[in-house]
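Trainee: my questions are about this predicted structure, shown below with the sequence.
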Amino acid sequence: MRNTDLFDDYLMGNLNAEEKKQLENRLQGDAELKAEFGRHKKFVETLQYNVAKNTLKSKLKDIHTAEFGANNIKHINSHKSFFERYIKPTGFAASVAVIAVVLTITSLSMGGYLLKKQNSEVEELSKRVEYVENKQDGFMQGVKAAIVKNKKKILAPANTTGSGFAINSKGYFVTCLHIVRGSDSIFIGNKSFDYASARIVYTDTKLDIAILKLDSSALMSLNWNELPYAFKASESDLAEKAFTLGYPSQDIVYGEGTISSSTRMGDTAMYQISIPVNEGNSGGPLIDEQGNVIGVINSKKTNAEGTGFAAKSSYLAEILKGIEDEDLRKELTLNKRNSIKGLKRSEQVKRITPFVFNVYVYK
Amino acid sequence: MAAKRQITDKEFIEGLKNSDEVLLSALYKKYFSVVLKYVLNNNGTEQEAQDIYQETIIVLYNNARKPGFELSCAIQTYIYSVARRLWLKQLNKHSHVFKLTDSSDEDGTLTDVSTEAEEHEEKEKQLLKMTESLEGLGEPCKTLIEDFYIRRLNMEAISEKFGYTNADNAKNQKYKCLQRLKRLFFNEEGK
């Protein structure tokens, strides 16, 4: 047997205890062999480290894109062009002053302050979860609980919760931007699976939409194959019947009504609906009688119970088609096959429920 | 109103030790601005800052995973010091002459990271060579080598995948490929 093969068997853990001991003894007594082994081991480690490092680096790039945006997060992207336009050409001394300003703007906008201009007649429906005097709660506990392996995971109370639902079988789902804005970490969960972590890949301020991607390992265990519902690319008519599913409480809640206006007080990207929605409903789907998704719930009218608003699926389809980054655009397709048309409502809801979930946001 | 709980340095280091992606992500997010500010202040671009920062996190990651690693200063100090060192190196490579401006206040606190930085530079040289060698190796050798050493497929699986008649045959192929890779790697070194 060639030394290299023997070394490899040793390094890859393919030797039994006795063979291992034998080689170790030989190495002890033979300085030349030991040196050869040392060189081989170092070489293999360099080879392995090469791949490990590239993997880590691409993971960091992903994190960077998710946290600070690349080409796909519009509101942060605008600062990037600001960097590019003003800082590069300006002189060294001038840039120092500009940078201080830029950093302030960037951190403000990432905290959501610049985006928070909100119509006062409309109330966003993310649920701020208040918890009392328990410093152990929050992010860390959530994280620790969520990474416990082989156990039923329990999450700590999140800072904000809302709803979300799958847009295709590649592990992408949609929720409201106002729910996930300024987040440290995001988890989703429902009855059909344990909690899984997710990260933001795309946002749109006007529609109040965020698209997130599930952690890939979670996706594999979830088996999100065929989505039951399709996304409607055209607008629905006034007075059409629709229903919604969401998590204003721990359990999924169903609500139904009609499209009562084709605008949100003039905003043509939104439907007004006569369905009572509550905090936590934000990010849930608005679905027509055939089982097509026609909107994403995002707010309700203040001082008018029973009136909600939803971003139109036709607008969602448009913005996703307009994504500049080609790779991302290809990933963010909306499901087109509807397999629940003609089923009775309770059956439709049963099929849709696994794809609608609670979104837990830690800030 | 719930107070946002700060993650301690110790928790971050533990997170790196356990390859905890959530903590890695939180760590990344927390200190980017420190490095961004420094690199921009010292004639770099945002893109360069991003690259330096990612290398810095990798240095921290590798060190945190060494047995018995203990941080002797704040994470921020460590990150700032490593990034500063890497950036200095990069500037020197292009033979720019600049007076480096340290960040003011606690942002700019330094610690000695010469050992880590030198180790990283040495590793980087090796990695560059390895990447070139792998590229030069060609197929099917490259995939075979990666299947064995990285994806840890056994010889039976490799034999099946590449259509060799048996596991011994596959083992011979792996041996030949490895020898070629070593020749490429060490010859490059002699240049």
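Mentor: All right, it came through fine. As the structure is a prediction and not an experimental result, all values here were calculated from the model. Numbering: from 1, shown residues only, chains lettered A, B, ... in the order given.

Trainee: can you pull the pLDDT of the residue lying farthest from the centre of chain A?
Mentor: Residue farthest from the centre of chain A, counting by C-alpha atoms, centre = their mean, is A:Gly29 at 56.4 Å. If you check A:Gly29, the pLDDT there is 87.

Trainee: the helices in chain B, which residues?
Mentor: Using DSSP state H, the helices assigned to chain B run over residues B:9-17, B:21-41, B:46-64, B:75-93, B:114-137, B:141-149, B:155-162, B:167-190.

Trainee: now the helices: where do they sit in the stretch 251-363 of chain A?
Mentor: A:313-321, A:326-331, A:345-352 (DSSP state H, counting those that start in this stretch).

Trainee: out of those helices, which is the most enclosed?
Mentor: Highest mean neighbour count among those (mean count of other C-beta atoms under 10 Å in any protein chain shown): helix A:313-321, with a mean of 19. Every residue, glycine included, has its C-beta placed from N, CA and C.

Trainee: which residue does the stretch 201-350 of chain A have closest to chain B?
Mentor: Closest contact between the stretch 201-350 of chain A and chain B, by C-beta to the nearest C-beta, is at A:Asp215 (7.5 Å).

Trainee: which stretches of the stretch 201-350 of chain A have low pLDDT?
Mentor: Applying pLDDT under 70 to the stretch 201-350 of chain A flags residues A:216-224.

Trainee: residues of it that sit close to chain B?
Mentor: A:Asp215 (C-beta under 8 Å from any C-beta of the partner chain).

Trainee: now the closest residue to the residue of the stretch 201-350 of chain A closest to chain B other than its chain neighbours, what's its secondary structure?
Mentor: Nearest residue to A:Asp215, sequence neighbours excluded (C-beta to C-beta, 6 or more residues apart in numbering or on different chains): A:Ser197, at 4.7 Å. Assigned with DSSP: H, G, I helix; E, B strand; the rest coil, A:Ser197 falls in the strand class.

Trainee: residues near A:Ser197, how many?
Mentor: By the criterion of other C-beta atoms under 10 Å in any protein chain shown, A:Ser197 has 21 neighbours.

Trainee: ditto for the one 5 residues further on
Mentor: For A:Tyr202, the neighbour count with other C-beta under 10 Å is 25.

Trainee: doesn't it belong to a strand?
Mentor: Yes - under three-state DSSP, A:Tyr202 sits within a strand.

Trainee: helix, strand or coil: sort out the nearest residue to it once chain neighbours are set aside for me.
Mentor: Counting by C-beta to C-beta, 6+ apart, A:Ile211 is the residue found nearest to A:Tyr202 once chain neighbours are left out, at 4.2 Å. Three-state assignment for A:Ile211 (three-state DSSP): strand.

Trainee: quick check: closest non-adjacent residue to the closest residue to chain B within the stretch 251-363 of chain A.
Mentor: Minimum separation of the stretch 251-363 of chain A from chain B (C-beta to the nearest C-beta) falls at A:Lys363, amounting to 6.2 Å. Spatially, and ignoring its direct neighbours in sequence, A:Lys363 is nearest to A:Asn159 (4.5 Å; C-beta to C-beta, 6+ apart).

Trainee: tell me how far that neighbour lies from A:Gly171.
Mentor: 24 Å (C-beta to C-beta, to the nearest Å).

Trainee: who's more crowded, the two?
Mentor: Set side by side, A:Asn159 and A:Gly171 show more neighbours around A:Asn159, with 23 against 20, by other C-beta under 10 Å.

Trainee: any idea what the residue nearest to A:Asp215 is bridged to?
Mentor: Per DSSP bridges, the residues bridged to A:Ser197 are A:Phe187.

Trainee: circling back to that earlier point, look up how far B:Leu110 lies from the residue of the stretch 251-363 of chain A closest to chain B.
Mentor: From A:Lys363 across to B:Leu110, the span is 32 Å (C-beta to C-beta).

Trainee: look at these two and report which has more neighbours.
Mentor: Taking other C-beta under 10 Å, A:Lys363 and B:Leu110 do not tie; A:Lys363 has more neighbours (18 against 13).

Trainee: is it true that the more buried one touches A:Thr161?
Mentor: No - between A:Lys363 and A:Thr161 there is no contact under C-beta atoms under 8 Å: 11.7 Å.

Trainee: could you report the neighbour count for whichever residue of the stretch 151-300 of chain A sits closest to chain B?
Mentor: Closest to chain B within the stretch 151-300 of chain A is A:Ser185: 5.1 Å, counting by C-beta to the nearest C-beta. Residues near A:Ser185, counting by other C-beta under 10 Å, number 22.

Trainee: quick one: it and A:Tyr360, what's the gap?
Mentor: Note on A:Ser185: its distance to A:Tyr360, by C-beta to C-beta, is 9 Å.

Trainee: in chain B, which residue is closest to the centre?
Mentor: Nearest to chain B centroid, counting by C-alpha atoms, centre = their mean: B:Ile58, 4.2 Å.

Trainee: great, nothing more from me.
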